[in-house]
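Visitor: With the sequence up front, the predicted model follows.
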Amino acid sequence: MQNKLHKNIIYILTIVFSIVFIAVGYSMNKIDFSSYETSKSYKARVVSVEEITEENLDYAYESYSTTTVRFMAEITNGTLKGELFEAYQYLDDIVAVNPKVVDKGDKVIIASLISRSGEGEDWTFLEYDRSRVLWVLLISFFALIVLFGRKKGVNTIISLIFTCLSIFLVFVPSILSGRNIYLSSIVVSCFIIFMSLLIINGANKKTLCAIVGNLGGLMIAGLLAIFISDVLNLTGLIDDDSMFLLMVTPENPIDLKAIMWAGIVIGSLGAVMDVSMSIASALNELAENMDNPSFKSMLRSGFNIGQDAIGTMTNTLILAYIGSSLSVVLLLVVNYKDVLLLFNLEMIVFEIIQAIIGSMGILFAIPITSIFAAYVYNIKKDIKVFKKMED
């Protein structure tokens, strides 16, 4: 009973600390985005399509056709909710893929922008409103987690919410406010590790072993990332997005190498956490059910479990990185026939080291978790043996 009360107190303290951490982190790094805003977008419903016209235009010695769709839209949110406006959708054939022509009943996003004629402003189609479907998908995902995970499923959702909030309300604003990116990455990563494992699994030996293994694997991955980026003379300028980042704060440019490092560390965090927890949990079961567990047998079991996890988790991490950048990889393969140059482009090199170093973090987490867990699960036994020797 006392043990359960102790666990509940730690659980509540973890949630309270997480809320305080995010609130304080956000207040310390809060960014005023008012200077970045150009126009406010609104949700709207297409009431009717009034006219569709097509015209040919000349631009920079080239001619292209543009289709203009004039439609009536009713604002469905904000201060203008319920008001009806005339809006325009522009479809230019110089754009490779255009959205479909709006139709009556479509849910869209519109904003008041400078008119194409250069006189005044027009309500203009920006995108289709996909938020409702995304909310349905998210709620379904959470429902499935609770259905299969029960109490742990609820705790998983709580930890996932805190993880997202720490990234978007603490980590990202800290970068934009000019904080040290390396320090911010370490602090947020440690918070995610402790918070997730304590909320999902509670305060016990299993969680302690997973935390130690996770911290060890990430520390080695972080050190390797710094060393390799220096050896390979990486600048962090891996794509157009990196160039745009430099323009966000020209007076104090963002450290692109630090961004690259943070991407490697945070990107591998989930996989390393998974492996560490799997080994710690399995060894905990062995310690409770083995008649005579020893450090050597526990360590051997930890390595055997880790070997089974290596292949699947490494594949998971590498395939995730390949999948996220598949279109870029295809484009580069088509345009760069020189294989030597292709595999030395900074963009490709970054993807490679991100996958390899993240996987190495998993590899190092296995022995660290196994050794620490084998030691922790045998402490009580060693104390008993020592007392018998004294008697």
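Guide: That came in fine, so what should we check first?
Visitor: rest of the way, CA atoms for contacts and neighbours
Guide: Fine.
Visitor: All the helices of the protein, in order from the start?
Guide: Here the chain has its helices, by DSSP state H, at 2-29, 131-165, 172-176, 181-201, 205-231, 240-248, 256-289, 295-324, 326-335, 339-342, 346-376, 379-390.
Visitor: Just send the ones you listed back as CSV, with mean pLDDT too.
Guide: Formatted as CSV, the helices of the chain follow (pLDDT from 0 to 100):
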stretch, mean pLDDT
helix 2-29, 87
helix 131-165, 93
helix 172-176, 89
helix 181-201, 92
helix 205-231, 90
helix 240-248, 78
helix 256-289, 86
helix 295-324, 79
helix 326-335, 74
helix 339-342, 78
helix 346-376, 87
helix 379-390, 47
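Visitor: mind putting the ones you listed in CSV, distance to Glu119 included?
Guide: Converted to CSV, the helices of the chain look like this (distance: least, CA to CA, whole Å):
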stretch, distance to Glu119
helix 2-29, 39
helix 131-165, 32
helix 172-176, 35
helix 181-201, 44
helix 205-231, 51
helix 240-248, 30
helix 256-289, 40
helix 295-324, 42
helix 326-335, 39
helix 339-342, 47
helix 346-376, 42
helix 379-390, 79
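Visitor: Tabulate those helices (a markdown table), appending distance to Lys40 and mean neighbour count.
Guide: Shown next, in a markdown table, are the helices of the chain (distance: least, CA to CA, whole Å; neighbours: other CA atoms under 10 Å):
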| stretch | distance to Lys40 | mean neighbour count |
| --- | --- | --- |
| helix 2-29 | 23 | 15 |
| helix 131-165 | 16 | 15 |
| helix 172-176 | 21 | 20 |
| helix 181-201 | 31 | 19 |
| helix 205-231 | 40 | 21 |
| helix 240-248 | 20 | 13 |
| helix 256-289 | 29 | 20 |
| helix 295-324 | 30 | 16 |
| helix 326-335 | 31 | 12 |
| helix 339-342 | 42 | 11 |
| helix 346-376 | 34 | 22 |
| helix 379-390 | 61 | 10 |
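Visitor: can you tell which of these is closest to Val49?
Guide: helix 131-165 (22.6 Å; CA to CA).
Visitor: what sits against Leu237?
Guide: Met243, Leu256, Glu346, Met347 (CA atoms under 8 Å, 6 or more residues apart in numbering).
Visitor: what does Leu332 give?
Guide: For Leu332, the contacting residues are Leu342, by CA under 8 Å, 6+ apart.
Visitor: what's the distance between it and Ala320?
Guide: 18 Å (CA to CA, to the nearest Å).
Visitor: now do Leu341
Guide: Distance of Leu341 to Ala320, given as CA to CA: 24 Å.
Visitor: Out of the helices of the chain, which is closest to Phe85?
Guide: helix 131-165 (21.5 Å).
Visitor: Report all helices and strands that the biggest strand by length in the chain contacts.
Guide: The single longest strand within the chain, with elements called by DSSP state E, is strand 41-59. Identification of packing neighbours for strand 41-59 by 3 or more CA pairs under 8 Å, 6 or more residues apart in numbering; DSSP states H and E yields strand 62-75, strand 107-114.
Visitor: among those strands, which is the most enclosed?
Guide: For those, the largest average neighbour count (mean count of other CA atoms under 10 Å) is found in strand 107-114, namely a mean of 19.
Visitor: Pull the residues that contact that one.
Guide: Residues from elsewhere that reach strand 107-114, judged by CA under 8 Å, 6+ apart: 39-46, 87, 120-130.
Visitor: which residues touch stretch 146-162?
Guide: Contacts for stretch 146-162 (CA under 8 Å, 6+ apart): Ser18, Ile19, Phe142, Ile145, Ile192, Met195, Ser196, Ile199, Ile200, Asn201.
Visitor: And stretch 18-31, by the same measure?
Guide: Residues outside stretch 18-31 that contact it (CA under 8 Å, 6+ apart) are Phe162, Leu165, Ser166, Leu169, Val170, Pro173, Ser174, Leu176, Ser177, Met195.
Visitor: how about 7 Å then?
Guide: Leu165, Ser166, Leu169, Val170, Pro173, Ser174, Ser177 (CA atoms under 7 Å, 6 or more residues apart in numbering).
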